[in-house]
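Asker: Need coordinates for the following:
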Amino acid sequence: MAYLSIVALIPLAAVVFKSLDGGIDSFWNSVTNDQAVAALRLTLIASVIVVLVNAVAGTLIAWVLVRDEFPGKGFVNSLIDLPFALPTIVAGLTLLAFYGPDSPIGVNLAFTKVSVVLALLFVTLPFVVRAVQPVLLELDTEMEEAAESLGAGKMTVFRRIILPNLLPAIIAGGGLAFARAVGEFGSLVLITGNIPFDTQAASVFIFAQVESDNPVGASAVSVVLLLVALVVLLFFGWLSKRALRHEE
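Answerer: Alright, predicted model coming up:
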């Protein structure tokens, strides 16, 4: 508890206290001004989209990596973890080079809302994949074979046997992806252009407030993101436990 307090709890408490330096009215004004609301709205909407996409794509990727055999499988499996290892500012530069004005494929998504989603998809890709993979590896395929031998179709087997086993892991991975997307900064700075009321995410808005010598406003918006991430993680944790109980 002492270690946890020094590393996380005390710094988080300091941010909360800093956000209240000007009183409740100042806190409320900081988080409800038009620019802050626009940044928070964009971040939350983009994060929800990212979770939905990753829940499907991440599960499919995990399925292919576990159930299929193909040349280069080990390399692809290692590639999944690249967003974890790559500095996020490098990820932003990579995306800008590929999807920016000088795109080699002729697709310019830079400085658009789509670029926000694209950057968040890149950095959150591993979460659902790595959450689902171990469950698939441990899943007893004899149940699937028995169901098929009794006349169940592929979709029925997936819906009645496989999906209920995977659902807790998908939910857990989705919760982590949402939390990461809400707080992502480095990959967004370059490709989004940080345009207020358009492509400015909440984390970049916080950085702009710090640069503008407004640490109280930056702390206030940070507390909102912290609360949102905490509530969502608790909610996803509850969903995951409920899915486990239903499976039992």
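Asker: quick one: terminal-to-terminal distance for stretch 95-106?
Answerer: Using Cα to Cα, to the nearest Å, the end-to-end distance of stretch 95-106 comes to 13 Å.
Asker: Quick one: residues in contact with that stretch.
Answerer: By Cβ atoms under 8 Å, 6 or more residues apart in numbering, the list of residues contacting stretch 95-106 from outside reads 107, 108, 109, 110, 115, 118, 119, 122, 187, 190, 191. For every residue, glycine as well, the C-beta is placed using N, CA and C.
Asker: ok, 10 Å please
Answerer: 93, 107-112, 114-115, 118-119, 121-123, 187-193 (Cβ atoms under 10 Å, 6 or more residues apart in numbering).
Asker: residue ranges of the helices in the protein, please?
Answerer: Remark: helices assigned in the chain by DSSP state H are 2-4, 10-19, 23-32, 34-67, 73-79, 82-85, 88-99, 113-138, 141-149, 154-157, 163-183, 186-192, 202-211, 215-247.
Asker: Make a markdown table out of those helices and add mean neighbour count and mean pLDDT.
Answerer: Converted to a markdown table, those look like this (neighbours: other Cβ atoms under 10 Å; pLDDT from 0 to 100):
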| stretch | mean neighbour count | mean pLDDT |
| --- | --- | --- |
| helix 2-4 | 8 | 87 |
| helix 10-19 | 14 | 88 |
| helix 23-32 | 14 | 90 |
| helix 34-67 | 19 | 93 |
| helix 73-79 | 11 | 88 |
| helix 82-85 | 13 | 84 |
| helix 88-99 | 18 | 88 |
| helix 113-138 | 21 | 91 |
| helix 141-149 | 13 | 70 |
| helix 154-157 | 12 | 76 |
| helix 163-183 | 22 | 89 |
| helix 186-192 | 25 | 88 |
| helix 202-211 | 20 | 91 |
| helix 215-247 | 17 | 84 |
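Asker: Surely residue 15 touches residue 224?
Answerer: No - at 11.1 Å, residue 15 does not count as touching residue 224 under the criterion of Cβ atoms under 10 Å.
Asker: so who does the residue nearest the centre of the chain touch?
Answerer: For the chain, the residue sitting closest to the mean C-alpha position, by Cα atoms, centre = their mean, is residue 177 at 2.6 Å. Taking Cβ under 10 Å, 6+ apart, we find residue 177 in contact with 47, 50-55, 58, 120-121, 123-128, 131, 236.
Asker: mind checking how far it is from residue 105?
Answerer: 26 Å (Cβ to Cβ, to the nearest Å).
Asker: Likewise for residue 51?
Answerer: As judged by Cβ to Cβ, residue 51 and residue 105 stand 27 Å apart.
Asker: likewise residue 152?
Answerer: Distance of residue 152 to residue 105, given as Cβ to Cβ: 43 Å.
Asker: More neighbours: which of these two?
Answerer: residue 152 (16 against 7; other Cβ atoms under 10 Å).
Asker: and the residue nearest to that one when sequence neighbours are not counted, how many neighbours does it have?
Answerer: Of all residues not flanking residue 152 in the chain, residue 160 sits nearest, at 7.3 Å (Cβ to Cβ, 6 or more residues apart in numbering). Using other Cβ under 10 Å, residue 160 has 13 other residues around it.
Asker: same deal with residue 195?
Answerer: Counted with other Cβ under 10 Å, the neighbours of residue 195 add up to 12.
Asker: tell me the contacts of it?
Answerer: Counted by Cβ under 10 Å, 6+ apart, residue 195 has contacts 111, 112, 113, 204.
Asker: now those in a markdown table, with distance to residue 182?
Answerer: Listed next are the contacts of residue 195 as a markdown table, based on distance: Cβ to Cβ, whole Å:
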| residue | distance to residue 182 |
| --- | --- |
| 111 | 21 |
| 112 | 20 |
| 113 | 16 |
| 204 | 12 |
